[in-house]
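*Asks:* Based on what follows, work out the 3D shape:
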Amino acid sequence: MMRDIAMTLALLATTTSFSSANTVLMDASGVKQIPGVSTSNGLVAVISSPGTPSLLTSSSEILAVDDAGILSCRGATLSTTSPSERTSLASTSLVAGAVIVDGITDGDIETGLSYTRHARTLTALFRARIVSGEETKQTLMLGVLGAVDESIESNLNAEVTSIFEAAAVGTEINLEDAYDLQVVSVESDADARQVMSKATEVARASAQDSTLSAVFSEAQNKIRDSGVTAEALDPPQVAQAFLTCRQAYAKEARTSRAKIAAWKGRVARGLLVDGFGNEAEGLLRRTLDGFDTESLASAGLPAVASHRLELRNELQSLVETSVRELFGLQITNLEKSTLKKFQNQLLKKADLETAYDEHAASMRSAAFAFDTAVTGLEVRSLGLTKEKANLDMSSKLNDALQTFPDSPAAQIRRTKQVTKTTGKEKKPGERSLDFGLDLVAMIRPDGFGSFQGFAGYQLGGNSITVGVHNDADDPQVISQFGGVRPPLLRVQPKLRVDMEM
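*Replies:* All right, here's what the predicted structure looks like:
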């Protein structure tokens, strides 16, 4: 029934039933060796600190100060505490009338009890009694390996109260109702005998008229039913630090997801997020700064620092992945809208077979508009820049221009024009002969296409169109002219003759 207890509990040097040699209650393999002796004289549990010598358990003379049974149990460590060790601590907490937590050093007091192994030990003791519903008040002694003054006693009382409150979250149990807390000094053998005498006196007053095997069996059943030993024994400060990190992560992740969801809704409709680059940079910065601000204190705890860094990396990955996805989707939307507008501009030309320069000017105008829009999408801290998008867009615009004359839209437009021309009614005997002159001029000074403009004027059947674009040094333009720079001024006249017979 008690094979979960892997620690060694010893009934040490009782004056009535046992000799000075220790009687092992249970060995490390979990084999029961609990004698059926009476517990009418009470039980005192001595929780020793691993690696710290204990005056309370080192001398049989001290252990034999009275006739109560003495249970010796190893306390918790900061590195790890197994379920069997937690079960051992929980069992002694339930069966003993008085518990002595020994081995509190000056270093533990200076560090703060809540950050030491003793906090884990006390947490195990407190949880066992709270969860099992024990109503009897138990005496809890803190054995300090040094002098105890009012300041030390006050600080330890406050820290033990904090540990108890953390263990009793969700209940209305107070430390004063569950424990009679005493801070005692154990500097010498005389101090140890006095502490042990006081503890056995208290234990005898609350003793049960039962057998040792019976009380352990009952305690084990309560522990198994409650499942209390399945919980970790982190000190409250460490547990609170873990909780703070998780709460900070949840808060910032929730805020980021809400903002990202709004952006995705807009992008799904084929729209762009206004000022996306700056907004995304700000969201990433605010998210990480908010998490750092709320969890910065936890970075100083070695047990929590790696967990905090892991959560921070997850939060950063969450935002960065979403931003990258939104950047790609908006580039796709922008490409589609740019190509659609460019094709519409080509269709609006009165003559679908107009000069190549005029079509090229429309292409450069579309590329310039795309560049302006994509600049606002850049998130340079994530390497999301416009260079590749501009190259891809230029290639797609050029392909669209080359294939436009044979596109379905252009063919439909030609059909409509022919139908309109052939279907036009003429009056009998009406004849006309009209002349018109169209001049198209293009000025191309040195530059890489940072400035462009067009002006036009029409008078009757005559028109003039003048364009300026400083792209003479643009490699793409040079390639269009067979590897040579375009002429500074190019004028293309066109004479129109409209004759109706």
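*Asks:* Going by C-alpha atoms from here, please, whenever you check contacts or count neighbours.
*Replies:* Noted.
*Asks:* What are the boundaries of the helices in the stretch 401-501 of the chain?
*Replies:* 408-422, 475-480 (DSSP state H, counting those that start in this stretch).
*Asks:* Mind telling me which of these the model trusts least?
*Replies:* Lowest mean pLDDT within the helices of the stretch 401-501 of the chain: helix 408-422, a mean of 64.
*Asks:* The host helix or strand of Ala192 packs against which elements?
*Replies:* Ala192 is part of helix 189-205, with elements assigned from DSSP states H and E. Applying 3 or more C-alpha pairs under 8 Å, 6 or more residues apart in numbering; DSSP states H and E, one finds that helix 189-205 makes contact with strand 43-48, helix 60-63, strand 98-104.
*Asks:* one more time with 7 Å
*Replies:* strand 43-48, strand 98-104 (3 or more C-alpha pairs under 7 Å, 6 or more residues apart in numbering; DSSP states H and E).
*Asks:* Name the next helix or strand following the longest one along the chain.
*Replies:* Sequence order places helix 106-111 as the next helix or strand after strand 98-104, per DSSP H and E.
*Asks:* ok, and which of the helices and strands packed on helix 189-205 has the densest surroundings?
*Replies:* strand 43-48 (a mean of 28; mean count of other C-alpha atoms under 10 Å).
*Asks:* list the contacts for Leu181?
*Replies:* Taking C-alpha atoms under 7 Å, 6 or more residues apart in numbering, we find Leu181 in contact with Thr139, Leu140, Met141.
*Asks:* Just grab the bridge partners of the second one for me.
*Replies:* Partner residues in beta bridges with Leu140: Val99, Leu181, with DSSP bridges as the criterion.
*Asks:* can you offset everything so residue one is 19?
*Replies:* Fine by me, first position is 19 from now on; the one you just mentioned is Leu158.
*Asks:* After the lengthiest helix in the chain, which helix or strand is next? Please name it.
*Replies:* The longest helix of the chain (DSSP state H) is helix 320-366. Next along the chain after helix 320-366, taking DSSP H and E as the criterion, comes helix 374-393.
*Asks:* Just the residues contacting that next one, thanks.
*Replies:* Thr356, Phe360, Lys404, Asn408, Ser412, Leu415.
*Asks:* And those residues, which two are furthest apart?
*Replies:* Phe360 and Lys404 (19.6 Å; C-alpha to C-alpha).
*Asks:* can you count the residues close to Ser468?
*Replies:* Neighbourhood size, Ser468 [other C-alpha atoms under 10 Å]: 9.
*Asks:* Equivalent analysis for Asp452, please.
*Replies:* 10.
*Asks:* which residue sits closest to it in space, ignoring its chain neighbours?
*Replies:* Asp516 (4.9 Å; C-alpha to C-alpha, 6 or more residues apart in numbering).
*Asks:* now Leu395
*Replies:* Gly295 (4.5 Å).
*Asks:* burial measure for the one you found, as a count.
*Replies:* Gly295, neighbours per other C-alpha under 10 Å, totals 22.
*Asks:* Including distance to Gln476, pLDDT and neighbour count, could the contacts of Leu199 go into TSV?
*Replies:* Shown next, in TSV, are the contacts of Leu199 (distance: C-alpha to C-alpha, whole Å; pLDDT from 0 to 100; neighbours: other C-alpha atoms under 10 Å):
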residue	distance to Gln476	pLDDT	neighbour count
Thr157	106	90	20
Leu158	103	92	22
Met159	105	92	22
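*Asks:* now for the helix or strand encompassing Lys414, which elements pack on it?
*Replies:* Assigned by DSSP H and E, Lys414 belongs to helix 405-421. On a contact count with 3+ C-alpha pairs under 7 Å, 6+ apart, helix 405-421 meets helix 374-393.
*Asks:* Could you list the buried residues of the helix it packs on?
*Replies:* Residues of helix 374-393 classed as buried by neighbour count (16 or more other C-alpha atoms under 10 Å): 376-377, 379-382, 384-386, 388-389, 391-393.
*Asks:* Show the average pLDDT along that helix.
*Replies:* 82.
*Asks:* can you state the direction angle for it and helix 320-366?
*Replies:* In terms of direction (axes from the mean of the first three to the mean of the last three C-alpha atoms, to 10 degrees), helix 374-393 departs from helix 320-366 by 160 degrees.
*Asks:* Helix 374-393: how far from the chain's middle?
*Replies:* 43 Å (C-alpha atoms, centre = their mean, to the nearest Å).
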